[in-house]
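Asker: From the sequence below, what's the structure:
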Amino acid sequence: MTDIFIEKNSMLVEKRDNLKISWSKLRQYFECPASWFCINYATFVNVREVQIDQTKAIPGTIVQKLFETFINQRLYYDQYLTYDQILEWFRVNTSALYLLTAKDIDDQFDPKYLNARNYFKSEMGRMDLIAAQNSYGLDRRIDPSQIAFVNRSSIEDDYGSEKKFVEFLGDLYEPILEMFLGRDLILNYILSEMYIEHSLNQVKMNGFIDFVYNVNHRMEGFFNTPTFIEDGFVVLDGKYKVNKYTKKEQLMYYASLLQLKYNRIPGEVGFIDWNKAELSMYKFDTTYVSKLKDKILGIKLKYNELKTKLSRCPKQHISLESLELNYNPSTNCIFCPIVSICGEALKRKGDLVRYMQAIEGKRVTDKFMRDNNIDMSLGIQDVSF
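Answerer: Sure thing, here's the model as predicted:
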């Protein structure tokens, strides 16, 4: 494996007893501990060695962000907005939100852009936001924080052009709205992007839940705060595409977090497939809370082990390989910052290609492998799944 060096003062050393677990960190750890560490804690000596291309995540992120605003701001309740005007609102803000976050990959290494998820809290970020509101018509009620930058060239490669990408997303909203109506969901009882945190085994678990549907809402008016959540609540998570690799455990994690926090019993959980405008529902696994406790304890032990190892190292720059983390290449390599130089991804290239082709198709997989230089001298074979 290529030597990858990190700073000794990575977060594991800087912040003591500050372990936080979200669903993404939980999934990352049990799928690939090395990726979990690199994504969440490592400070790389050479930042240009590593990067994460958010192209695959951005379509679902944009759709989710707009529905968050649409529901939480109760725009559907505006008697002056016609159905066609609502659809136009979605299209205009899709374009504006994309243009706000699209950056050429070289620009993303500019120091002011490196902390993408906090950029719009900075003075320059706020100026960019105001410019997008004035120039692109971005609704001022839309909060772009937590949205990562997306690589323009990747969008052009995947969709043909930025215009085609925006038009493609713009066509998704009407079927999605029809899906909400067809399921008889009461939007007044739904709260989007709910932040929740709860301590378990002295570890702070947290996360943003896409949608919480308070089916048995009893208070007058809208469901605007989780303190009024009732038994039988439903947790929904939006995905750009739902496939057989999409883990239902994510839904169980969020529902369990609400159960632990508010002592309310979950009802159903489900995924919204934005691309197909489909809603898939599942029963809540009542045994998951005890399983979650065991998993949290396992991560805590590894976290403390790494923190001790880093603090005892006499050198300022430490080889990632010396931490002896486990590597397990999978479809999530696409979101890992070290995929271009990960020896294990190279060794298990066949598996990686097979998994990605099953989800993304051969053309997208070929491009990903080529862009990240994953043993291109061997070529990529079409692997059946």
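Asker: Which helix runs longest in the protein?
Answerer: helix 288-312 (DSSP state H).
Asker: Helix or strand next in line after that helix, which one?
Answerer: strand 317-319 (DSSP states H and E).
Asker: From the contact counts, what lies against that following strand?
Answerer: Packing partners of strand 317-319 (3 or more CB pairs under 8 Å, 6 or more residues apart in numbering; DSSP states H and E): strand 5-7. Heads up, the C-betas are built off the backbone N, CA and C, glycines and all.
Asker: what's the average pLDDT for the strand it packs on?
Answerer: Mean pLDDT, strand 5-7: 64.
Asker: Start the count at 884 instead of 1 going forward.
Answerer: Shifting the count to begin at 884 puts that one at strand 888-890.
Asker: quick revisit: can you spell out which helices and strands pack onto the longest helix of the chain?
Answerer: Using 3+ CB pairs under 8 Å, 6+ apart, helix 1171-1195 sits against helix 894-897, helix 906-914, strand 1073-1083, strand 1086-1096, helix 1132-1145.
Asker: which of those sits most buried?
Answerer: helix 1132-1145 (a mean of 22; mean count of other CB atoms under 10 Å).
Asker: Could you list the low-pLDDT ranges of the stretch 1134-1268 of the chain?
Answerer: Low-confidence segments of the stretch 1134-1268 of the chain, defined by pLDDT under 70: 1213-1215, 1217-1218, 1223-1224, 1228-1268.
Asker: Centre of the chain to stretch 952-961, how far?
Answerer: Here stretch 952-961 is found 23 Å from its chain centre; the criterion is CA atoms, centre = their mean, to the nearest Å.
Asker: per-stretch mean pLDDT over the helices and strands packed on helix 1171-1195, give me the minimum one.
Answerer: Of all these, mean pLDDT reaches its minimum on helix 894-897 (a mean of 52).
Asker: chain center to the very next helix or strand once past that one: distance?
Answerer: Counting by DSSP H and E, the next helix or strand C-terminal to helix 894-897 is strand 903-904. Averaging C-alpha positions (CA atoms, centre = their mean) puts strand 903-904 15 Å from its chain's average.
Asker: what does strand 903-904 contact?
Answerer: 1086-1089, 1179, 1182 (CB atoms under 8 Å, 6 or more residues apart in numbering).
Asker: Let's have these in JSON lines, adding distance to Tyr1136.
Answerer: As requested, the contacts of strand 903-904 are exported to JSON lines (distance: CB to CB, whole Å):
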{"residue": "Val1086", "distance to Tyr1136": "13"}
{"residue": "Lys1087", "distance to Tyr1136": "14"}
{"residue": "Met1088", "distance to Tyr1136": "8"}
{"residue": "Asn1089", "distance to Tyr1136": "11"}
{"residue": "Ile1179", "distance to Tyr1136": "10"}
{"residue": "Ile1182", "distance to Tyr1136": "13"}
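Asker: between the residues you listed, which is nearest Cys915?
Answerer: Ile1182 (13.2 Å; CB to CB).
Asker: can you pull the contacts of that closest one?
Answerer: Ile1182 neighbours (CB under 8 Å, 6+ apart): 902, 904, 908-909, 912, 1086.
Asker: quick one on the thing from earlier: could I get the helices and strands packed on helix 1171-1195 as TSV with distance to Phe1111?
Answerer: Shown next, in TSV, are these (distance: least, CB to CB, whole Å):
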stretch	distance to Phe1111
helix 894-897	36
helix 906-914	24
strand 1073-1083	10
strand 1086-1096	11
helix 1132-1145	9
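Asker: And the ones you listed: which comes nearest Gln962?
Answerer: Closest approach to Gln962 among those is made by strand 1073-1083 (19.5 Å; CB to CB).
Asker: Check which residues of stretch 962-980 are buried.
Answerer: Neighbour-count burial for stretch 962-980 flags 969, 972-980 (criterion: 16 or more other CB atoms under 10 Å).
Asker: Could you list which of the residues you listed belong to helices?
Answerer: Of the buried residues of stretch 962-980, the ones assigned to helices by DSSP H are 969, 972-980.
Asker: Turn these into a markdown table, columns for pLDDT.
Answerer: A markdown table is the format used below for these (pLDDT from 0 to 100):
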| residue | pLDDT |
| --- | --- |
| Ile969 | 96 |
| Trp972 | 97 |
| Phe973 | 97 |
| Arg974 | 97 |
| Val975 | 97 |
| Asn976 | 97 |
| Thr977 | 97 |
| Ser978 | 97 |
| Ala979 | 96 |
| Leu980 | 94 |
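Asker: For Ala917, see how far away the nearest residue to Ser1205 once chain neighbours are set aside is.
Answerer: Nearest non-adjacent residue to Ser1205, counting by CB to CB, 6 or more residues apart in numbering: Cys1196, 7.9 Å away. Cys1196 sits 17 Å away from Ala917, taking CB to CB, to the nearest Å as the criterion.
Asker: okay, those two: which has more neighbours?
Answerer: Ala917 (24 against 14; other CB atoms under 10 Å).
Asker: quick one, what contacts the more buried one?
Answerer: Per CB under 8 Å, 6+ apart, neighbours of Ala917: 1203, 1208-1211, 1221, 1225, 1227.
Asker: out of the residues you listed, what pair is the most spread apart?
Answerer: Longest span within the contacts of Ala917, CB to CB: Leu1203 and Asn1211, 15.1 Å.
Asker: Between these two, which is the more surrounded one?
Answerer: Taking other CB under 10 Å, Leu1203 and Asn1211 do not tie; Leu1203 has more neighbours (22 against 17).
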